[in-house]
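> 3D, please:
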Amino acid sequence: MSEFTPEELRDADARAEVLATPPQQLKAALHQAEGYRNFLTTLTGLLTAIFVLKGQENLSKLTPGPKWAVIGLLAGAFLLLLVASWMMVSAVHERPGRTRPLGAVQILRYERDRAITVRRMTDWARWMGLLGVLAVAAAALVTWIAPSST
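Reported below is the predicted structural model:
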């Protein structure tokens, strides 16, 4: 005997069919991308505040090796977070003025392909965001533990 009634199973099958349609797949992908975009924005602001408040006030006090490591890490992190943010905005909102297809088959293909593109961009942006965060954290650690030149 099943733990679900035949009616519950039919309803679940009907919901699964609806969720598998290109419009619903695109809607789900855009919803995920929006969430990651908001997370990335919040995390970037938080990390910036932590680094500014807790890092060494003057990097010129560091020896040349650690100083350039911190500069490189921060520049790399900025670039990664900038590209990740751009990708998330592009994933969620697409390019302004882009025309949409008009035929039924073209619309379904567009929705299917767009969902794949949004998921791919979200995945890349997630990894770039993680690397950017790790680079900022590493830069902060270097400023805390690196020897000073004085």
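
> what sits against V70?
Contacts for V70 were tallied using Cβ atoms under 8 Å, 6 or more residues apart in numbering; they are 59, 62, 139, 142-143, 146. All C-beta atoms are positioned from the backbone trio N, CA, C, and that covers glycine.

> distance of it from V142?
As judged by Cβ to Cβ, to the nearest Å, V70 and V142 stand 5 Å apart.

> quick check: buried residues in stretch 113-128?
114-115, 118-119, 121-122, 125-126, 128 (16 or more other Cβ atoms under 10 Å).

> remind me what the longest helix along the chain packs against, helices and strands.
Ordering each helix of the chain by length in residues (DSSP state H) puts helix 104-145 first. Helix 104-145 sits against helix 22-54, helix 64-93, with contacts defined as 3 or more Cβ pairs under 8 Å, 6 or more residues apart in numbering; DSSP states H and E.

> now it against helix 64-93, angle please.
Counting by axes from the mean of the first three to the mean of the last three Cα atoms, to 10 degrees, helix 104-145 lies at 160 degrees to helix 64-93.
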